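Trainee: Sequence first, then the predicted structure, then my questions.
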Amino acid sequence: MKFARSQKGMSILGWLMVLSLVAFFASAAFKVIPHYLDQMALEKMILSVETDKAAQITTVGDFYSHMSKGMQVNSIRDLKLDDALKVTIENNEFLVHLKYEKRDPLIQNIDLVVHFDKEYRVRMP
């Protein structure tokens, strides 16, 4: 049997340090995760053009209209579609370039920056 003096464990100061680190990383995650969820929704909307035959998207204007409606449905309101999305047609395919970044303040003058830059080739239906 060991005496209470010889038993080792974390002190209250140690627990406070661990708790503050967990709170810091949880705060950062809660600020970044919504941006990744928005990115996944945008990617799904772009790729759905190829599989959704009923939408009949054949022009760049139709593509932008489809994306705008999808952003309304998914409540993506803090992104300007014209600045983030560039669509061209080449060889019966849409060439889509999605590029934007989001900033969220973390602590005073320290920001969390998430940068997205991806290109897609989507066949016309």
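Mentor: Arrived safely, thanks for sending. On a predicted model such as this, the values are computed, not experimentally measured, just so you know. Numbers count the residues shown, from 1 in each chain.
Trainee: and the residue nearest in space to the middle of the chain, what pLDDT?
Mentor: Taking C-alpha atoms, centre = their mean, the centroid of the chain lies closest to Tyr36, which sits 2.1 Å from it. We note a pLDDT of 96 for Tyr36 in this prediction.
Trainee: Next: Ala4.
Mentor: pLDDT, Ala4: 61.
Trainee: The residue lying closest to the residue nearest to the centre of the chain once chain neighbours are set aside: neighbour count?
Mentor: The shortest distance from Tyr36 to any non-neighbouring residue, by C-beta to C-beta, 6 or more residues apart in numbering, is to Val114 (7.4 Å). Using the backbone N, CA and C atoms, a C-beta is placed for each residue, glycine as well. Val114: 17 surrounding residues under other C-beta atoms under 10 Å.
Trainee: cool, the one 5 residues further on as well?
Mentor: Using other C-beta under 10 Å, the number of residues around Glu119 comes to 10.
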